[in-house]
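Enquirer: Here you go, sequence then predicted model.
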Amino acid sequence: MICPFCSHNQDKVIDSRSTEGGAVIRRRRHCLKCERRFTTYERVEPAGRLMVVKRDGSRVPFSPENIMKGVSNACGKRPISEDVKLKLAELVEEELHSEFEREVPSQFVGERVMTKLRDVDKIAYIRFATEHLQLSTLEDIQRELDDLSARPTTSADQQGLFAKPAGK
């Protein structure tokens, strides 16, 4: 550790104690050059801090709230419960953390959300796909609708993971 007084990098640990419920270790140190004492703290670096690489190359921390915003916007006033939207965001987050350690392309995040939305509500899927895939013409949207109609129902939908509430 570098001494904050003389910048020498040799010291001796005098005392160590855990603080903040064991999440932090406080160490009292004695500089071997200037013989002054100073305190350092060791904290565990949070694991799994996933970064999303945007289309423009910038990187932002992964945020499940952003997934929820996108899903909520796509669902609009569709009869989809908040529990279903939350479950969708949680599933996407779990998959991303299990497959990626540090960085994930935003394109991949969007594709995962689209896959889950397709099982929940086809209208919400099209709304999300229009933005995510940057569909700008009626022909683009029609192609996506045709592709959506041709796809078989997935196993998640068949298992009822995103079952709609009764009576809706």
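Expert: Here it is on my side, so go on. Residues are numbered from 1 along each chain as shown.

Enquirer: Which segments of the chain make up each domain?
Expert: Under automatic domain parsing, the residue ranges defining each domain of the chain are 11-43, 51-158.

Enquirer: Can you name every helix or strand that the longest helix seen in the chain contacts?
Expert: Determined from DSSP state H, the single longest helix within the chain is helix 82-99. In this structure, helix 82-99 makes packing contacts with helix 64-75, helix 106-120, judged by 3 or more CB pairs under 8 Å, 6 or more residues apart in numbering; DSSP states H and E. C-betas here are computed from N, CA, C, even on glycine.

Enquirer: Show me what counts as buried in that helix.
Expert: 84-85, 88-89, 91-93, 95-96 (16 or more other CB atoms under 10 Å).

Enquirer: which one among these gets closest to residue 23?
Expert: Set against residue 23, the nearest of these by CB to CB is residue 93 (23.1 Å).

Enquirer: for the closest one, what are its contacts?
Expert: The contact partners of residue 93, by CB atoms under 8 Å, 6 or more residues apart in numbering, come to 62, 64, 67.

Enquirer: can you rerun that using 7 Å?
Expert: Counting by CB atoms under 7 Å, 6 or more residues apart in numbering, residue 93 makes contact with residue 64.

Enquirer: Residue 146 now?
Expert: Shown in contact with residue 146 (CB under 7 Å, 6+ apart): no residues.

Enquirer: Now name the helix or strand holding residue 60.
Expert: Per DSSP states H and E: residue 60 is located in strand 59-61.

Enquirer: other SSEs contacting that strand?
Expert: Judged by 3 or more CB pairs under 7 Å, 6 or more residues apart in numbering; DSSP states H and E, strand 59-61 is in contact with strand 51-53.

Enquirer: quick revisit: reformat the helices and strands packed on helix 82-99 into JSON lines and put mean neighbour count and mean pLDDT next to each item.
Expert: JSON lines is the format used below for the helices and strands packed on helix 82-99 (neighbours: other CB atoms under 10 Å; pLDDT from 0 to 100):
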{"stretch": "helix 64-75", "mean neighbour count": "17", "mean pLDDT": "91"}
{"stretch": "helix 106-120", "mean neighbour count": "20", "mean pLDDT": "91"}
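
Enquirer: Figure out which of these is closest to residue 133.
Expert: With respect to residue 133, and counting by CB to CB, the nearest of the helices and strands packed on helix 82-99 is helix 106-120 at 8.1 Å.

Enquirer: Worst mean pLDDT across the helices and strands of the chain, which element?
Expert: Using mean pLDDT, DSSP states H and E, the weakest-scoring helix or strand in the chain turns out to be helix 155-158, at a mean of 44.
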